[in-house]
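In: structure for this input, please:
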Amino acid sequence: MSKQEFVVLGRTDDGACCPGLLTAPLDEEQAVELAKVFKALGDPVRLRLLSMIASREGGEICVCDLTPAFDLSQPTISHHLKLLRQAGLIDCERRGTWVYYWLLPETTDKLAGILTRPGQPVAAKATS
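Out: Numbers count the residues shown, from 1 in each chain. Sure thing, here's the model as predicted:
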């Protein structure tokens, strides 16, 4: 499979890190790129796929292990995976018959950084 080109979130043209949402307004280009990622994450199937990929021991998972978890056709699962790849959240590699997927943590880390209030750590799990 060919690698998809995507704009790395939270970076300026010179590679410097961009401020979070609460420190400065996003420019139009940043908002468009960020919206693509949120749109990709705005579907329950894609959120589950991302979670399955990210939590897999060893850091990668075969599509053959993803598809049975859903009551969806293989082409539909492939479409959802394509949207996650285009958003820069995952990447993949074909190995023989199968395709293996892994998380691109730099994108999720940048999302966390963009959404974190200045001077605040990323929130820990809530306890009841």
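In: just the buried residues of stretch 53-60, please?
Out: Applying a neighbour-count criterion of 16 or more other CB atoms under 10 Å, one finds 53, 54, 56 buried in stretch 53-60. For every residue, glycine as well, the C-beta is placed using N, CA and C.
In: right, I mislabeled it, should have said stretch 71-87
Out: Buried positions in stretch 71-87, judged by neighbour count with 16+ other CB under 10 Å: 77, 80, 81, 83, 84, 85, 87.
In: put together a markdown table for those, with pLDDT, distance to residue 63 and secondary structure on each row.
Out: As requested, the buried residues of stretch 71-87 are exported to a markdown table (pLDDT from 0 to 100; distance: CB to CB, whole Å; DSSP: H, G, I helix; E, B strand; the rest coil):
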| residue | pLDDT | distance to residue 63 | secondary structure |
| --- | --- | --- | --- |
| 77 | 97 | 7 | helix |
| 80 | 98 | 11 | helix |
| 81 | 98 | 7 | helix |
| 83 | 97 | 14 | helix |
| 84 | 97 | 12 | helix |
| 85 | 97 | 12 | helix |
| 87 | 95 | 18 | coil |
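In: from memory residue 61 sits against residue 51, does it?
Out: No - the pair formed by residue 61 and residue 51 falls short of the contact definition of CB atoms under 8 Å, at 10.9 Å.
In: neighbour count for these two, which is higher?
Out: Ranked by neighbour count (other CB atoms under 10 Å), residue 61 and residue 51 place residue 61 first, with 22 against 11.
In: over to that one: give its phi and psi.
Out: In terms of degrees, to the nearest 10, the main-chain angles of residue 61 are phi -140, psi 140.
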